[in-house]
Structures are given as structure tokens and as C-alpha cells.
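In: Please find the sequence and the predicted model below.
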Amino acid sequence: MEQWKQYNIGEICDTISETYKGNASDVVLINTSDVLEGKCLNHTFVANKNLRGQFKKQFKKNDILYSEIRPANKRYAFIDFESTDYIASTKLMVIRSNDKVLPKYLYYVLQSKEMVEVLQMLAESRSGTFPQITFSELAIQTILLPEIREQSKIVDFLESIDSKIALNRRINDNLEQQAQALFKSWFVDFEPFKDGKFVDSEMGMIPEGWKVGKLEDIADVVGGGTPSKANALYFDKQCIPWITPKDLSIKKTKFISKGEIDITEEGYKNSSAKKIPLGSVLFSSRAPIGYISIAENELTTNQGFKSVVPVKAGTSFLYLYLKANTKAIEAQATGSTFKEASGSLMKSLCVIIPPDTVFDSFERNAFPFFSAQANVEREIVNLSKARDTLLPRLMSGELKINDLNC
């Protein structure tokens, strides 16, 4: 292929193991849990003197942090900020490009679905507690590399998609804040009702005509189930949507329609899984507690959820109520191996219950926020699919930037 050359990854980058030499009293320690899908999530300084046992690798702007453990978990980040007094812990590779490749182009290579799948397969082939890779295994992977000018064009195009995705996420974060503020205004501060009479209750002063009850008074709490994994006929694609907490940990979306795998009718009949309707609020009740998502269609879940199905209260109220009370629910959860919010706990959660007309009015006021978020999430999904589809074709030379009319 003209002007494209094949390289091993090890020929275009190095792994950096320089130990931090600075004398700052406080540093930022980046662990594998602090990086995700391209971003460094932690910028909190801690006392340097407390980190002597860490393998404190120095990194800098334009480096790539890449987890050695479970590549499929997308624990990688491109460092796009000045990182003086930042250090990486043991299980993060610090990868630095050389003059053959642009740093951001290398990042797109390393986070591509094809590369991650190969590395995950290598990790799972090794014995040990965790599926893990080494730089030597990464270094022998081969890629086709265009000249720098073409790399720059490809990076600009992919960054334009990522920028739009990032903008959409900021839009949805803002909408989420507005929805939560609306909930607080109505059901914590009672601002729309402040001119009316208030009465005392076990949860403090509340508007006259309201009462304190339990979550089960305004919604159904439904558990999930898992068909026997020993029977392959119980699982398939394009069957009954079945959601696990892992699906929410990967997708991190407010709305969900299906998970990684579906269950068949036979699997459904031979498990305790229950179908819940569109608009139900999924709440992960263990490992971890507090993933929340809204069903976009009828679906089922595994036993890691206690789903809340609207009866008197609507979807918006129930979602925002659970958001506002997640920490309180977790504090009441019990269990020796891991904490779990049981069905009885969820049903007995205290909630202030207004007249049905207030519930109805709140749903009408909250709906525009939720509807807008659903539309933005769909655009994010479509943009992500487009990027992930085009990326390997661009990086193999199969598709040229000029062919995209961008």
C-alpha cells in the first residue's frame, strides 16, 4: 500500500518506567481505577510520603496510560494535560510514542476494538488471578502506519467525533442537574407549595394533604433472576432483553433497552426472571449498589437488581428519588460477603407521598428533561458506533479521509 508501512507496536513507542524524582510534598497517584475510556478521572493530591511502597512511574503530557489488567475493561487514558507531580501505579503501562507516530494516533490504535480484543484474548490465555498483559506482548502486535500528514487528518476526524460525544455528555449532565434540582425543589424544599399550610410528620414538616409512606405504596419492587448457565439453550441473541449490573458498568447510560446477551423463552420460563415494562427504573442492589437506569422497552434483569415499576408515582419521580437516596439505601444494606439492598428493604424505604395530582404534574414538568436526555444518548450511541466502525477502516487504509467528505 503506497506510503503505508507495517510496524510492530514496539517499533513506534516505548514503555516508560522512570521513577518519580520530584520532591513535591503532595502528588496525584493514578491507579487503574482512575482511568477509563480515554480520560484520567482522578486529580486529587495525596501525601507523597505515604506512597513509598508504590512503583511511582512518572508520566507527562501526550503519554498513554494503559492497564495491564483486563484490557476489555477500557482502562486507558490519553494524557492531554500538564502532569507535573502525577505518578502512575504498578499496573498501568506508561506508553510514549516516537517520531514515527503521532501520540493521539497511537492512542486510537491502542483503544480500537480490534486491538483490545487481541490483547484481552492474550490476557485470558495466561494463568493467574487476573487476565493480564505485558508490554512485550503488546509490542509484537503489528499495524499499518501512514505518513504523519495522513495520521494527522485521521486524528482530526476522529477527534471531531469525540468532541461531539463529549459535548453531548456535558449537555446530558446539565439536564441531569436540572432534573435533580426540580426534584429537590418539589419534594425536599416544597417550593411550589410554600404558600400552603404545612403539618408535622415523622420526616419533618410537609404540605397539608401529603403523607409519609413506603416505596411499595407508590411502586412495585421486582427482583430478577438468572437461568442456569449450564444450559446453552437458555441464552441467545435477539430474544428477551436481560440486563446485568455489568451492562450498566459498561454502558453507563440513563436509558437501556438490552444487555450483552438475551435470554430465550425457555430460559425465562426456567428462572425467576420477571418481565418489567417500559419506564421501570432498574436499581442495582448489590456488587455494586446504586447503578440506576430506565427501561426503554419491556425487559428482564438478573438478581443483581431490584427494579421499581411505576404505579402511583411516575418514572421521573422514582428515578430521581432513588438517585437522591442511593447513599441512604447503601447505608441500610446488609450482608457478610457483600452488602445487598434486599427486596424488603427497598419496599420499606420511607417516601413522602403527595396527592396523585402532584405526581402527575411533576411528571409533566420533568418529562422534557428526560426526553431530551434520551435523544442525546441515542446520538451518542450513533456517533460511537460510527467512530468504532470507521476507525479500523481508516487505520488499515481501506477507507481514505477524502472519501468521507469531511
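Out: Thanks, I have the structure now.
In: Just the pLDDT for residue 251.
Out: At residue 251, the model reports a pLDDT of 78.
In: Give me the neighbour count for it.
Out: 18 (other Cβ atoms under 10 Å). The way it works is simple: take the backbone N, C-alpha and C, and place the C-beta from them, glycine included.
In: so where do the helices sit in the chain?
Out: Secondary structure of the chain, counting by DSSP state H: helices at 103-111, 113-124, 135-139, 148-187, 245-251, 265-269, 315-332, 343-347, 356-396.
In: how big is the angle separating the first one from helix 356-396?
Out: Spelled out, that is helix 103-111. Helix 103-111 runs at 100 degrees relative to helix 356-396, counting by axes from the mean of the first three to the mean of the last three Cα atoms, to 10 degrees.
In: list the contacts for residue 39?
Out: Residue 39 is in contact with residue 77, counting by Cβ atoms under 8 Å, 6 or more residues apart in numbering.
In: er, residue 190 actually
Out: Shown in contact with residue 190 (Cβ under 8 Å, 6+ apart): 198, 206-207.
In: same thing but 6 Å
Out: By Cβ atoms under 6 Å, 6 or more residues apart in numbering, the contact list for residue 190 reads residue 207.
In: Read off the pLDDT value for it.
Out: Value listed for residue 190 in the pLDDT field: 98.
In: ditto for the one 4 residues further on
Out: Looking at residue 194, its pLDDT is 96.
In: That one: neighbouring residues, count only.
Out: Residues lying near residue 194 (other Cβ under 10 Å) number 9.
In: what's the answer for the one 3 residues further on, then?
Out: Around residue 197 sit 8 other residues, with neighbours defined as other Cβ under 10 Å.
In: That one contacts residue 209, doesn't it?
Out: No. Look at residue 197 against residue 209 with Cβ atoms under 6 Å: they stay out of range, at 8.7 Å.
In: Tell me the residues that contact both of the two, please.
Out: The contact sets of residue 197 and residue 209 do not overlap (Cβ under 6 Å, 6+ apart).
In: Check which residues of stretch 188-199 are buried.
Out: 190, 193 (16 or more other Cβ atoms under 10 Å).
In: For this structure, which residue occupies the most central location?
Out: Per Cα atoms, centre = their mean, the C-alpha nearest to the average position across the chain is that of residue 252, at 3.2 Å.
In: so who does that one touch?
Out: By Cβ under 6 Å, 6+ apart, no residues touch residue 252.
In: State the distance from it to residue 328.
Out: Distance, residue 252 to residue 328, by Cβ to Cβ, to the nearest Å: 22 Å.
In: ditto for residue 42
Out: Remark: distance between residue 42 and residue 328 (Cβ to Cβ) = 26 Å.
In: neighbour-wise, which of the two wins?
Out: Each of residue 42 and residue 328 has its neighbours counted (other Cβ under 10 Å); residue 42 has more, 14 against 10.
In: chain center to stretch 231-251, what's the gap?
Out: Relative to its parent chain, stretch 231-251 has a centroid offset of 17 Å by Cα atoms, centre = their mean, to the nearest Å.
In: So what touches that stretch?
Out: Residues from elsewhere that reach stretch 231-251 (Cβ under 6 Å, 6+ apart): 227, 258-264, 266-268, 284, 291, 293, 299-302, 304.
In: ok, now stretch 11-18?
Out: 57-58, 93-98, 100-101, 106, 135.
In: let's see it at 10 Å
Out: Contacts to stretch 11-18, defined as Cβ atoms under 10 Å, 6 or more residues apart in numbering, come from residues 5, 7, 55-60, 63-64, 66, 88, 93-101, 103, 105-106, 109-110, 134-136, 138-139, 142-143, 145.
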